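[1] Predicted model follows, preceded by the sequence.
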Amino acid sequence: MNINRPIIILCVFLAGCAVGPDFQRPAAPTVDRYTQQLLPVQTASVEGKGGEAQRFVQNMDIPGQWWTLFHSKPLNDLIAQALKANPDLEAAQAALRGARENVYAQQGALFPSVDASFNPTRQKTSGVLTSPLASGNNIYSLHTAQVAVAYAPDVFGGTRRQVESLKAQADSQHFQLEAAFLTLTSNVVAAAVGEAALRGQIEATRKIIEFQSKSLELLKSKYELGQIATADVVAQEATLAQTQAMLPPLEKQLAQQRDLLARLAGRFPGETLVEEFELSSLQLPEELPVSLPSTLVAQRPDVRSAEEQLHAASADIGVNIANRLPNITLSANLGSSATAINQLFTSGTGFWALAANLTQPLFQGGTLLHRQRAAEAAYDQAAAEYRSAVLTAFQNVADTLHAIQCDADALKAAVAAENAAARSLTIVQKQLELGDISYLELLNAEQTYQQANINLVQSLANRYADTAALFQALGGGWWNRSDVLSRVGQ
């Protein structure tokens, strides 16, 4: 007892120490904007659905359910289904639970372990040997019941560093869950916009088919009157057939887009998906958040996950340093041995033992040293990956800001081109009826209108898609969600 007392006092004194570096959260970038040029107050605008100007609001907070800003009930309903049934999100939730259980398991190493055992035996001692019993019997039964207590004081903090590493990994998994949530909701919005764009292109293609069919009937009438040649009629028939051939690929893409939406919602393609999307049913958010660059690293789940991986790598250095230092183990046994069960714990059957063990690694062939160096290299790798994640985050925001500005300009030009092409086609059709122009002018006008109509649909869809991409690039407002299943540190 007197021998162990100094060791215990020393363990208590050193219990607050932990070898290895104490993790310091990386400082936020010092840049003050995402793009080289200053952002305008708002984007270009044009009359009509989807042509509204969008205002950039500095340091505007992002709602937790940012997709509701598109004011589409079918979109809200489909995302709600996806959040309940998507297996990727369920996998991320299970991974987080497993990571936290690993933390709790490692925390158990900070406490003493207590084991109870009972060992009954029946044995015979060789006649040439002395019986261990006072009675001298060579055949006997022995019943042993004992409680064993073992404790390894965390003198140098190796166990605490292991707990710290696992906790950082669990926090990283939490942010991976948030990233999975953000990716899922963003993918649903993108897929819905994609479906709406395809429906718009199909409608535009059918509209031009209707125009071309009317033109073909007009040309046939003129041919019967001998006003045009057979080649003009045949050329129009070929043009109409080419346009009609564009429909099946678009319809195939639409069907595949519906399959994608079903999968994102955790459903099979053969199941009924009642939600349908058209560009006219979506409302473009007029206010766009532009978070401060210094806060972006705290908002992006992928950056926060990379930061926690860096934290875990830092703690692992301490674990490997502690493995090279002395290890102390304290143990105690208390029990009773008797030849009959009913004699256990009676006078004279008890025993106890106290022990302390000090182990210092002396020669391991360089194994422990190189493991420490490997942990230090892993930390450098995690630091580089964190910087890469930060740079990627800033690039994502800059890309979407550029895209949103260009989308507005492109839509304005597309609206003007579509209006001009529609007027031109109307004029050409009237002139053709009067015989004032040739068939080639009609063909050119039809092709121009067809392309302008499709470009308008694509430009409008780009505005919706890139607006959703901005919310995703800024982190998606997960910190404002009331339905977050788990928080960091819980």
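    That came through, no problem.
[2] Check whether Y34 really touches A393, as I assumed.
    No - the pair formed by Y34 and A393 falls short of the contact definition of CB atoms under 8 Å, at 9.9 Å. (C-beta placed from N, C-alpha, C; glycine too.)
[3] neighbour-wise, which of those two wins?
    More crowded of Y34 and A393, by other CB atoms under 10 Å: A393, with 24 against 21.
[4] Contacts only, for the more buried one.
    By CB atoms under 8 Å, 6 or more residues apart in numbering, A393 lies in contact with 296-297, 300, 302-303, 473.
[5] And the strands in the stretch 301-450 of the chain?
    All strands of the stretch 301-450 of the chain, identified by DSSP state E, counting those that start in this stretch, fall at 327-338, 350-359.
[6] out of those, deepest packed?
    Among these, strand 327-338 has the highest mean neighbour count (mean count of other CB atoms under 10 Å), at a mean of 17.
[7] Also compute the angle for it relative to strand 350-359, please.
    Between strand 327-338 and strand 350-359, the angle comes out at 160 degrees (axes from the mean of the first three to the mean of the last three CA atoms, to 10 degrees).
[8] Could you tell me which strands sit next to strand 327-338 in the sheet, and their orientation?
    Using DSSP bridges, strand 327-338 pairs in its sheet with strand 139-151 (antiparallel), strand 350-359 (antiparallel).
[9] so what pLDDT did the residue lying closest to S126 once chain neighbours are set aside get?
    Residue nearest to S126 in three dimensions, not counting chain neighbours: N138, with 7.5 Å by CB to CB, 6 or more residues apart in numbering. If you check N138, the pLDDT there is 81.
[10] Can you name the residues that contact A99?
    By CB under 8 Å, 6+ apart, the contact set of A99 is 166, 169-170, 172-173.
[11] Is it located within a helix, as I assumed?
    Yes - according to DSSP: H, G, I helix; E, B strand; the rest coil, A99 belongs to a helix.
[12] From the contacts of A99, which land in helices?
    166, 169-170, 172-173 (DSSP state H).
[13] want to try JSON lines for these, with distance to D115 as columns?
    Formatted as JSON lines, the ones in helices among the contacts of A99 follow (distance: CB to CB, whole Å):
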{"residue": "L166", "distance to D115": "24"}
{"residue": "Q169", "distance to D115": "29"}
{"residue": "A170", "distance to D115": "28"}
{"residue": "S172", "distance to D115": "34"}
{"residue": "Q173", "distance to D115": "32"}
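[14] quick check, nearest of those to R55?
    Nearest to R55 out of these is S172 (CB to CB; 35.8 Å).
[15] tell me the contacts of the nearest residue to that closest one once chain neighbours are set aside?
    Distances taken as CB to CB, 6+ apart place E308 nearest to S172, at 3.6 Å, with adjacent residues excluded. Listed by CB under 8 Å, 6+ apart, the contact partners of E308 are 168-169, 171-172, 175.
[16] what do you get if the cut-off is 10 Å, keeping everything else the same?
    By CB atoms under 10 Å, 6 or more residues apart in numbering, the contact set of E308 is 23, 167-176, 382, 386, 488.
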